[in-house]
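1. just the structure for this:
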Amino acid sequence: MPDSAAAPEACLSTLYRDHRSWLESWLSRRLGDRWEAADLAQDTFVRVLAAQQTHSLPSLREPRAYLLTVGKRLLINHYQRRSLERAYLDALANLPEQVAPSPEQRWLLLETLYALDELLDGLPRPVRQAFLWSQLEGIDYATIGARLNVSERTVKRYMAKAYEHCLLVEL
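-> Next comes the predicted model:
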C-alpha cells in the first residue's frame, strides 16, 4: 500500500484513539444516555471518514474543535428526529384504533418522515412550512400565504425554492 493511502487511515486511527472517549463523555453529558452518546460519537467518526474520502482532509490543528462541530450537528439532528418522532406518535395516539396503522406501516411512515426531514434540511422555516402544507395537506397558496402572513407570490417563490432544493439534493 502506498504511503499516501496509509497516511489518512493512520491519521483517522489516531484521531479516533485520542479523542473518542472525550467526545463520548461530552455527548453523554448533553444526552444523559451513554449508549446514545456512544452511537453519536461513532456516527461522528463515520462522518469524518466520509469527509476524508471525498475531500482529502488536511491534518487538523484543533481536532477536538472539529469533532465538536461535527458532533454538535449530529446532536441537533438527533434532537430534531426525536421531536419529529414524538409529534408523529402524538398524532397516532389521536387516531381511532380502527384506522391506526400497523407497526410495520408506522415504521415505514416514520422512516419516510425522517427522509423528508433530511431532504428539507437547510431550508428556511417559512419555505419548509409552505412546502409541507402544500404537499402533505394540499393547502392552496393563498391560504398558505395567509397563514404565513405573506403574499401568494411569495408563497410561489417559496415553493420554487423548495422544489429547486429537492432537485439539487437528488443530484
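2. quick check: longest helix of the chain.
-> Assignment by DSSP state H gives helix 63-93 as the longest helix of the chain.
3. right, and the helix or strand after that one?
-> Once the chain leaves helix 63-93, the next helix or strand it forms, by DSSP states H and E, is helix 103-120.
4. what angle do that following helix and helix 63-93 make?
-> Put simply, helix 103-120 runs at 130 degrees to helix 63-93, going by axes from the mean of the first three to the mean of the last three Cα atoms, to 10 degrees.
5. using CSV, list the CA coordinates for helix 103-120.
-> Extracted C-alpha coordinates of helix 103-120, given in CSV (Å, rounded to 0.1, in the frame of the first residue of the first chain):
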residue,chain,number,x,y,z
PRO,A,103,-46.5,-1.4,13.5
GLU,A,104,-44.9,-2.1,10.0
GLN,A,105,-46.8,0.9,8.5
ARG,A,106,-45.8,3.1,11.4
TRP,A,107,-42.1,2.2,10.9
LEU,A,108,-42.4,2.9,7.1
LEU,A,109,-44.1,6.2,7.8
LEU,A,110,-41.6,7.3,10.4
GLU,A,111,-38.7,6.4,8.0
THR,A,112,-40.4,8.4,5.3
LEU,A,113,-40.7,11.4,7.7
TYR,A,114,-37.0,11.1,8.6
ALA,A,115,-36.1,11.1,4.9
LEU,A,116,-38.4,14.1,4.2
ASP,A,117,-36.9,16.0,7.2
GLU,A,118,-33.4,15.3,5.9
LEU,A,119,-34.3,16.3,2.4
LEU,A,120,-35.7,19.7,3.6
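6. okay, domains of this protein per the record?
-> If you go by automatic domain parsing, the domain ranges for the chain are 3-100, 122-171.
7. would you turn those into a markdown table with distance to residue 114 and mean pLDDT?
-> Backbone N, C-alpha and C define where each C-beta goes, glycine included. Putting the domains of the chain into a markdown table (distance: least, Cβ to Cβ, whole Å; pLDDT from 0 to 100) gives the following:
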| stretch | distance to residue 114 | mean pLDDT |
| --- | --- | --- |
| domain 3-100 | 6 | 82 |
| domain 122-171 | 14 | 89 |
